[in-house]
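[1] Based on what follows, work out the 3D shape:
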Amino acid sequence: MSIFRTASAAAGLLLSVCTSAVFAQAPMVQLAYPVHAGLGFVLEGAGEFGGDHIATVTFTDDSDQTVDAGDGVTISGGAHFHTESNWDFRGTVGYKYVTTKANNADIYVDRIVLKAVADYFFNSKWYVGGGIVHHSGIKFHGDDLGPDLDFDDATGGTIEAGWSFVALTYTFMDYQDEFGNKYNANNIGILFIGRF
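    Residues are numbered from 1 along each chain as shown. Down below sits the predicted model:
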């Protein structure tokens, strides 16, 4: 009887030691998105390229440059809300601008950009998302070397796939000018985003 108790005690001790060793070496489980759920703010910077030509600028050296409807650099800010189920919703307001290489004229297109996007995070870094983009105050400025041109407000969609603070984006929308002419403003871009 004492031999059985001694063997049971030894087996229990061995099991305890083995269990402790296994759990000591087991990695800690990392949350899919290591940011506290709740409301925060977001900053974005993007460069986008594409779309139909709005104008072509010819320079004195016989070179030329097109101004395309989807081109521009955008700086935005806003808020985001992260859920415990790996969804992140954000809304931003930004300014998008593209100019030419002319050094004696300020020829450019600018607009205000409103955006609402939902992202789903697969782990702590990778995510995909999509949403709605609205452009307002769209205008081509010819700086007296060409006519100014106003556009109607435009609404379209955007999709993105990202890793950490950088994402590849594709935006699809159309512009219509004051004379009823339509321009494809679809573009592909690189987005840099900071969520705080």
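[2] Could you export stretch 107-116 as CSV, CA atoms only?
    This file holds the C-alpha atoms of stretch 107-116, laid out as CSV (Å, rounded to 0.1, in the frame of the first residue of the first chain):
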residue,chain,number,x,y,z
ILE,A,107,-1.8,75.6,-62.8
TYR,A,108,-3.4,73.0,-60.6
VAL,A,109,-6.5,71.0,-59.6
ASP,A,110,-7.7,70.9,-56.0
ARG,A,111,-10.7,69.5,-54.1
ILE,A,112,-12.0,68.6,-50.6
VAL,A,113,-12.1,64.9,-49.9
LEU,A,114,-14.6,63.3,-47.5
LYS,A,115,-14.1,59.6,-46.8
ALA,A,116,-15.7,56.9,-44.7
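[3] Skipping adjacent residues, who's closest to residue 118 in space?
    residue 89 (5.1 Å; C-beta to C-beta, 6 or more residues apart in numbering). C-beta: built from backbone N, CA, C; applies to glycine.
[4] quick one, what contacts the one you found?
    Shown in contact with residue 89 (C-beta atoms under 8 Å, 6 or more residues apart in numbering): 80-83, 116-119.
[5] That one bridge partners, please.
    Per DSSP bridges, residues listed as beta-bridge partners of residue 89: residue 81, residue 118.
[6] Quick check: it vs residue 75, distance?
    Taken as C-beta to C-beta, to the nearest Å, the spacing of residue 89 relative to residue 75 amounts to 21 Å.
[7] likewise residue 58?
    Taking C-beta to C-beta as the measure, residue 58 and residue 75 are separated by 30 Å.
[8] between these two, who's got more neighbours?
    Summary of the neighbour comparison: residue 58 and residue 75, criterion other C-beta atoms under 10 Å, with residue 75 having more neighbours (14 against 9).
[9] what secondary structure does that one sit in?
    strand (DSSP: H, G, I helix; E, B strand; the rest coil).
[10] wait, it sits on residue 92?
    No: taking contact to mean C-beta atoms under 8 Å, the distance of 9.8 Å between residue 75 and residue 92 leaves them out of contact.
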